[in-house]
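Engineer: one predicted model, sequence on top.
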Amino acid sequence: MVKSIKLYNNFNIKKEHKNSIILIGNFDGLHVGHQKLFTLAKKFKKKHSLKIGVLTFEPMPKMYFNKNIKNFRISNQKQKMILLNNFDVDFVITKKFDKVFSKTKSINFIKKILKHKLTAKFIFVSNNFRFGNKREGNVIQLIKFEKECNFKIIKPKPLLIQKKVVSSSLIRNYLQRGKLEKANKFLNRKWSIEGKVQKGRQVGKKIGFPTANIDIKNYVLACPGVYSVRIKTHMNKRYIKGIANLGYRPTFNGKKILLEVHLFNFSGNLYNKYLTVEFLKFIRKEKKFKNLDQLKKQIMNDLLVAKK
């Protein structure tokens, strides 16, 4: 039976969750670097008989301060919670990141929130963690308050793979450049998008390749192109293989980013259904075709690659 995580949207946590291990961060994508951090936290949990809590922010501070950033997330909130469940997390505080909170003085964050509200015992942060008004607080400041606030700062070394520091930024970069295999390796799973199927222009159906159209919301925009995928509906646990086009559909002068998914050996109505689309392989970049016949010919070639 899967244990449910207690969710909070403020710092008024229950007594049973005080005096815990607190991990602070966005944890976007929950990649192998994050996983190493949570695995260490589980060892602390066992050794000290403490609960594990996560303090994260919504929207992510970078998205709050840069309103022009629309496509940024590796995972949505729901996906993040499912992943956190795998690491024996007991509770998650998702603090709304707004104007008022962004102006919190670093000293107040330490004393009023970490010490008095949460009474944290161990605080896990990355070495480059910044907090407080104008990012004035850092790990050095946190360490200075260890004795006074009765907590211990844990800052594990970043995980290096092939001399690269594993980070959410690096994974976004890989996705944007079509380096899906590398992104999936650093995530330790297949990158996926969740979304609701919308009614489209039905162009795919007219040319013999019906597609389920999904608005990618604020997911990071991976390299526009064609991908081999597998799809799971939220009603059905079984995966169905397929092919997807992520991009602007230049042949039809599309302006909006859309994920179009064609499922192999499937018939049925998917409108308004939620799908999870896992990206298995990058096939080619998106391109504009002179006519529909050229497009259909290319789709046939893409299908052969995707079905391998």
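Structural biologist: Sure thing, it's come through.

Engineer: what residues does Tyr274 make contact with?
Structural biologist: Contacts of Tyr274 were listed using CB atoms under 8 Å, 6 or more residues apart in numbering, and they are Glu194, Gly195, Lys196, Val197, Thr233, His234. Every C-beta, even on glycine, is put in place using the N, C-alpha and C of the backbone.

Engineer: which of those sits closest to Val261?
Structural biologist: Val197 (8.5 Å; CB to CB).

Engineer: what secondary structure does that closest one sit in?
Structural biologist: Assigned by DSSP: H, G, I helix; E, B strand; the rest coil, the conformation of Val197 is strand.

Engineer: change the start of the numbering to 595 and stick with it
Structural biologist: Shifting the count to begin at 595 puts that one at Val791.

Engineer: and it, what are its bridge partners?
Structural biologist: Beta-bridge pairing of Val791 under DSSP bridges involves Ile808.

Engineer: shouldn't it be in contact with Thr870?
Structural biologist: No. Here Val791 lies out of contact with Thr870, judged by CB atoms under 8 Å, at a distance of 11.7 Å.

Engineer: which residues do the two both contact?
Structural biologist: Shared contacts of Val791 and Thr870, counting by CB under 8 Å, 6+ apart, come down to nothing at all.

Engineer: next one: whichever strand or helix holds Gly647 to chain centre, how far?
Structural biologist: Element membership for Gly647 (DSSP states H and E) is strand 646-652. Distance of strand 646-652 from the chain centroid (CA atoms, centre = their mean, to the nearest Å) equals 14 Å.

Engineer: list the buried ones in it?
Structural biologist: Ile646, Gly647, Val648, Leu649, Thr650, Phe651 (16 or more other CB atoms under 10 Å).

Engineer: return the member of the residues you listed nearest to Ile618.
Structural biologist: Ile618 lies nearest to Leu649 out of the buried residues of strand 646-652, by CB to CB, at 4.7 Å.

Engineer: tell me where the model's unsure across the stretch 745-894 of the chain.
Structural biologist: Within the stretch 745-894 of the chain, the segments meeting pLDDT under 70 span 795-801, 844-848.

Engineer: quick one: the spatially most central residue of the chain from Leu631, how far?
Structural biologist: Geometric centre of the chain, nearest residue: Ser669, 1.9 Å, by CA atoms, centre = their mean. Noted for Ser669: a distance of 16 Å to Leu631, by CB to CB, to the nearest Å.
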